[in-house]
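Asker: Just the structure for this:
(2 chains)
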Amino acid sequence: MQLQDLYRDVILDHNRHPRNFGPLPEASASIEGFNPLCGDRLTLRLRLVDDRVDDIRFEGQGCAISTASASLMTEAVKGKTRDEALALFDRVHRLLTDDSAEIDDAKLGKLAALSGVREFPARVKCASLCWHTLASALKSPAPLPGPSVSTE
Amino acid sequence: MSTIVRARPPRAFDVDAVRREFPVLARTVHGNPIAYLDNGASSQSPECVIAAVEGYMRRHHANIHRGVHTLSQEATGLYEAARDRLVGFIKAASRHEIVFTRGATESVNLVAQSFARPTLRPDDEILITHLEHHANIVPWQMVAQQTGAKLVVAPIDSRGEVDAQTVEALMSPRTKIFACAHVSNALGTVLPVERLVASARRRGIATLVDGAQAVPHMAVDVGALGCDFYVFSGHKMFAPTGIGVLYGREALLERMPPWQGGGDMILTVSFDGTVYNALPYKFEAGTPNISGAIGLGAAVEFLDSLDLGAAHAHEQALLEHAHAALRSIPGLGFIGTAREKVGLVSFVVDGVHPHDLGTILDRDGIAIRTGHHCAMPVMEFFRVPATARASFAFYNTFDEIDRLAASVERARRLFT
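Answerer: Take a look at the predicted model:
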């Protein structure tokens, strides 16, 4: 496994220019993700309209993998229903943790760029932090401010 | 008749010869020779330490202090010989002052619970510094909570230094304990512990020095230092994990109640009462880490065989070289620029998160630590979430540091 498999162009691009980065006024849920191992923090804000992710933005400080993963995630789930977004969480979770998981480019789209992460076990939590935070926000849309999610 | 004393020429440190003693340094990682620059987290063991542990496991293992049979006596002899080596290593006054623990962390906890907890009263103060490792913060927070005492934190400056006068100004009649690092694990700063300990003693304040990052780099003389407690871990000084030392002044240890109860720390037990064992066994409840202690004794023997002055000079040369090699990388900033440091550089690179740097360096066979280094208050002070840290031992080379700098530069180009 080469470094280029981890740091693909898509990852580098989303790290340099994260999409949907910044505050989200009128969010219906705000939740914090924290990776105590490396100190990465991320705040995910989303607005659900009719059980659909109408808008989603994130803020925080993290490594390239965690920033790119959050950026890609916001692009991927915007416009999806709660159930569709949770199904995507399951798919990405398998992609990151299960060596035998199929990499279905059609279903994953740009998210397939995260498939190199599973070869770097020390970095899986970097990529999964935002996804766990999203799942938590979708499963229990708490009133502001939401609870905090930890990778530990 | 006069005698002419010629100054000895400075002896060059034979790093190649030293490296041959450390088997792990011969391996490769991802196809590259390993450059092990994470000694601040844990150091590697020389052949003699590995052989001492193996020899004990193969030929002498038995429980200690309680058998009349041959193996038990041999194991006891090896374990206690290790203790004697440690007496000499830090110049303790007697073997009663060397308590084996799991490591520096357990040693601090022992002092917090057995020395501090029974003596602290509400509004008493425990003074520490801003650059402590979590192991020298949290045990004091716990005992403060238990007793109503207050934790007072002496500040650091932008270089990551501790100003002695500032600390002294915080020593008040309410201060009962002063605890500080000898060397900062996150920044490499060497603290003015001689002066700080002397100031505390004059005011009747008990002192604990966390020497975990000092003992691999410098000769320590607890008698000259004058501290009440000195703690360190074996695995940062070329010994196995799970073994460490609490040095305590005998008169204080004598007065302290045991921390944990169990076998070996007693003389007699009945349901009416128990008579505790003498020092240091009073503090070594249960079967200890016998093989670890023997390994630690062997590590001390190894260090005793080195020319420590030459080893120290080599490490300082590595430090200077690292500063020069890394400084030329655009966007690289050093975190912690104390005037007196051990061989350790903590740094950040604009646009490159330390964890990405760690992964990229690992592919080049270079092991560094990335993260908050169990010193989150230090990270907060410098307003960084994490740093990359390269920490050297005497077995590191200039070539390894050149590889470090080249690899950091490659990472920077990838991300910017």
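Asker: excluding its backbone neighbours, what's nearest B:Ala51?
Answerer: B:Ala298 (7.5 Å; CB to CB, 6 or more residues apart in numbering or on different chains). For every residue, glycine as well, the C-beta is placed using N, CA and C.
Asker: Contacts only, for that neighbour.
Answerer: Residues near B:Ala298 by CB atoms under 8 Å, 6 or more residues apart in numbering or on different chains: B:Cys48, B:Val49, B:Ala51, B:Ala52, B:Val53, B:Ala82, B:Ala239.
Asker: try 7 Å this time
Answerer: For B:Ala298, the contact set (CB atoms under 7 Å, 6 or more residues apart in numbering or on different chains) comprises B:Cys48, B:Val49, B:Ala52.
Asker: With B:Val384 instead?
Answerer: Shown in contact with B:Val384 (CB under 7 Å, 6+ apart): B:Ile335, B:Val348.
Asker: Recalculate using a threshold of 6 Å.
Answerer: Contacts for B:Val384 (CB atoms under 6 Å, 6 or more residues apart in numbering or on different chains) come out as B:Val348.
Asker: Phi and psi next, for it.
Answerer: phi -130, psi 150 (degrees, to the nearest 10).
Asker: just the one 10 residues further on next, same as before
Answerer: With angles defined as degrees, to the nearest 10, B:Phe394 shows backbone torsions of phi -70, psi -10.
Asker: nearest spatial neighbour of it, skipping sequence neighbours?
Answerer: Distances taken as CB to CB, 6+ apart place B:Ala311 nearest to B:Phe394, at 4.0 Å, with adjacent residues excluded.
Asker: Taking chain B, what residue is nearest to chain A?
Answerer: Scanning chain B for the residue nearest chain A gives B:His353, at 3.7 Å (criterion: CB to the nearest CB).
Asker: pLDDT score assigned to that residue?
Answerer: The per-residue pLDDT reported for B:His353 equals 95.
Asker: ok, now A:Ile103?
Answerer: 78.
Asker: Check whether it really touches A:Ser115, as I assumed.
Answerer: Yes: between A:Ile103 and A:Ser115 there is a contact at 4.9 Å, judged by CB atoms under 6 Å.
Asker: These two: who's more crowded?
Answerer: More crowded of A:Ile103 and A:Ser115, by other CB atoms under 10 Å in any protein chain shown: A:Ser115, with 19 against 12.
Asker: how much space between the more buried one and A:Leu42?
Answerer: Distance, A:Ser115 to A:Leu42, by CB to CB, to the nearest Å: 21 Å.
Asker: Where do the helices of chain A begin and end?
Answerer: Ranges of helices within chain A are A:3-6, A:9-16, A:64-77, A:82-97, A:105-108, A:124-139, based on DSSP state H.
Asker: Could you find the closest non-adjacent residue to whichever residue of chain A sits closest to chain B?
Answerer: Proximity of chain A to chain B (CB to the nearest CB) peaks at A:Cys63, 3.7 Å away. Among residues not flanking A:Cys63 along the chain, B:His353 sits closest, at 3.7 Å (CB to CB, 6+ apart).
Asker: I'd like the distance between that neighbour and B:Arg58.
Answerer: Applying CB to CB to B:His353 and B:Arg58 gives a distance of 46 Å.
Asker: B:Ala367 now?
Answerer: Taking CB to CB, one finds B:Ala367 at 30 Å from B:Arg58.
Asker: more crowded one of those two?
Answerer: More crowded of B:Ala367 and B:Arg58, by other CB under 10 Å: B:Ala367, with 16 against 9.
Asker: The closest residue to the more buried one other than its chain neighbours: what's it in contact with?
Answerer: Among residues not flanking B:Ala367 along the chain, B:Asp38 sits closest, at 4.6 Å (CB to CB, 6+ apart). With contact taken as CB under 6 Å, 6+ apart, B:Asp38 is in contact with B:Ala367, B:Ile368, B:Arg369.
Asker: What ranges does the stretch 101-250 of chain B have for its strands?
Answerer: If DSSP state E, counting those that start in this stretch is used as the criterion, the strands of the stretch 101-250 of chain B fall at B:125-129, B:150-154, B:175-181, B:206-210, B:229-233, B:244-248.
Asker: Put together TSV for those strands, with mean pLDDT, mean neighbour count and distance to B:Arg27 on each row.
Answerer: Formatted as TSV, the strands of the stretch 101-250 of chain B follow (pLDDT from 0 to 100; neighbours: other CB atoms under 10 Å in any protein chain shown; distance: least, CB to CB, whole Å):
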stretch	mean pLDDT	mean neighbour count	distance to B:Arg27
strand B:125-129	98	24	38
strand B:150-154	98	18	42
strand B:175-181	98	25	32
strand B:206-210	98	26	31
strand B:229-233	98	29	24
strand B:244-248	98	29	27
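Asker: Redo those as CSV? Include distance to A:Ala137.
Answerer: Listed next are the strands of the stretch 101-250 of chain B as CSV, based on distance: least, CB to CB, whole Å:
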stretch, distance to A:Ala137
strand B:125-129, 39
strand B:150-154, 36
strand B:175-181, 41
strand B:206-210, 41
strand B:229-233, 41
strand B:244-248, 43
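Asker: Which neighbouring elements make contact with whichever strand or helix holds B:Gly333?
Answerer: Secondary structure assignment for B:Gly333, by DSSP states H and E: strand B:332-334. Applying 3 or more CB pairs under 6 Å, 6 or more residues apart in numbering or on different chains; DSSP states H and E, one finds that strand B:332-334 contacts strand B:344-349.
Asker: Swap in 8 Å and give it another go.
Answerer: Packing partners of strand B:332-334 (3 or more CB pairs under 8 Å, 6 or more residues apart in numbering or on different chains; DSSP states H and E): helix B:308-327, strand B:344-349.
Asker: Mind listing residues that contact the first one?
Answerer: Which is helix B:308-327. B:10-13, B:15, B:18, B:188, B:217-219, B:332, B:334, B:341-345, B:347, B:390, B:392-394, B:396-398, B:401-402, B:404-405, B:408.
Asker: Before I go, just wanted to say thanks for your time.
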